[in-house]
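[1] Build me a model from this:
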Amino acid sequence: MKRAILGVLILFQLAWTWTLSLYIRFGAAHPLIYIPQMQKDIEYLGAWLYIVDIIVFFALFFIIRPAYLKYVETQKDASLHEPLDNKTDN
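    Numbers count the residues shown, from 1 in each chain. So this is what the prediction gives:
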């Protein structure tokens, strides 16, 4: 599995775990009912959320960005850099 995809899947899993915990606590309800509880969770976690944000941004910068740049480099057309006298279709 590619590192960029793995990073996105980990972030998705973290978000889904939090959403699932809200569903377990309140059941299937209108999304506006979850907002006060989400705010309480954020207030409860406080400074730890800043640490989680820093970890996520480092993950995006050091894992996903290099993988994306490597992907972009491999997509360049190599035939543009061939010398013109290297033709084999005589």
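[2] rest of the way, CA atoms for contacts and neighbours
    Fine.
[3] what's the average pLDDT for the strand or helix carrying residue 35?
    Residue 35 belongs to helix 31-45 when elements are defined using DSSP states H and E. Averaged across helix 31-45, pLDDT comes to 87.
[4] Residues contacting it, please?
    For helix 31-45, the external contacting residues (Cα atoms under 8 Å, 6 or more residues apart in numbering) are 22, 26, 49.
[5] Just the C-alphas of that helix, formatted as CSV.
    Only the C-alpha atoms of helix 31-45 are listed here, as CSV (Å, rounded to 0.1, in the frame of the first residue of the first chain):
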residue,chain,number,x,y,z
PRO,A,31,-26.5,16.1,12.9
LEU,A,32,-27.3,19.3,14.7
ILE,A,33,-27.9,17.4,17.9
TYR,A,34,-24.2,16.3,17.8
ILE,A,35,-22.8,19.8,17.6
PRO,A,36,-23.0,20.6,21.4
GLN,A,37,-21.4,17.3,22.2
MET,A,38,-18.7,17.8,19.7
GLN,A,39,-18.0,21.2,21.3
LYS,A,40,-17.9,19.5,24.8
ASP,A,41,-15.4,16.9,23.5
ILE,A,42,-13.2,19.6,22.0
GLU,A,43,-13.3,21.6,25.3
TYR,A,44,-12.5,18.4,27.2
LEU,A,45,-9.5,17.5,25.1
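[6] Would you mark the buried spots in it?
    residue 34 (16 or more other Cα atoms under 10 Å).
[7] With stretch 47-65 instead?
    Across stretch 47-65, burial judged by 16+ other Cα under 10 Å covers 59-60, 63-64.
[8] Redo these as TSV? Include distance to residue 41 and pLDDT.
    TSV is the format used below for the buried residues of stretch 47-65 (distance: Cα to Cα, whole Å; pLDDT from 0 to 100):
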residue	distance to residue 41	pLDDT
59	23	75
60	24	73
63	28	74
64	28	73
